[in-house]
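# any chance you could fold what I've pasted below:
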Amino acid sequence: MLLPLAATTIVIVALLWDLALPPLREAWERHRARRALIPTDQYDPGRERRAEQRARTLLRSCVNEEEWAM
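Next comes the predicted model:
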């Protein structure tokens, strides 16, 4: 009685392991990818200047010439 029960348990564990391992491995890889450090770019001195130019262009498109002259 004990031998068939042990054999059945081993087969069930092996089948569940085969089904559960790929999703667990994928979840672990996603976790590691989320925790990975993303390298940052070096400081770009022209970034603020380009942002200011875009802001001025947007403002100019929203106001008329008289208000822009002020």
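
# quick one: the helices in the protein?
2-35, 46-62, 65-69 (DSSP state H).

# adding mean pLDDT and mean neighbour count, write those helices out as a markdown table.
For glycine as for every other residue, the C-beta is placed from the backbone atoms N, C-alpha and C. Shown next, in a markdown table, are the helices of the chain (pLDDT from 0 to 100; neighbours: other CB atoms under 10 Å):
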| stretch | mean pLDDT | mean neighbour count |
| --- | --- | --- |
| helix 2-35 | 90 | 9 |
| helix 46-62 | 90 | 10 |
| helix 65-69 | 83 | 9 |
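
# what pLDDT is listed against residue 44?
Per-residue confidence (pLDDT) for residue 44: 79.

# roughly how far apart are it and residue 50?
Distance from residue 44 to residue 50, counting by CB to CB, to the nearest Å: 9 Å.

# same thing with residue 34?
If you measure residue 34 against residue 50 using CB to CB, the figure is 31 Å.

# for residue 66, same thing?
Relative to residue 50, and taking CB to CB, residue 66 is found at 27 Å.

# equivalent analysis for residue 26, please.
Distance from residue 26 to residue 50, by CB to CB: 40 Å.

# same thing with residue 58?
From residue 58 to residue 50 the distance is 13 Å (CB to CB).

# and for residue 39?
When residue 39 is compared with residue 50 (using CB to CB), they lie 22 Å apart.

# counting neighbours, what do you get for residue 42?
Residue 42 sits with 6 neighbouring residues when counted by other CB atoms under 10 Å.

# residues contacting it?
With contact set as CB atoms under 8 Å, 6 or more residues apart in numbering, residue 42 has no partners.

# how about residue 68?
59, 60.

# swap in 6 Å and give it another go.
For residue 68, the contact set (CB atoms under 6 Å, 6 or more residues apart in numbering) comprises residue 60.

# now do residue 47
By CB under 6 Å, 6+ apart, residue 47 has no neighbours at all.

# state the distance from the residue nearest the centre of the chain to residue 14.
Nearest to the mean C-alpha position of the chain, by CA atoms, centre = their mean, lies residue 34 at 6.1 Å. Separation of residue 34 from residue 14 (CB to CB) stands at 31 Å.
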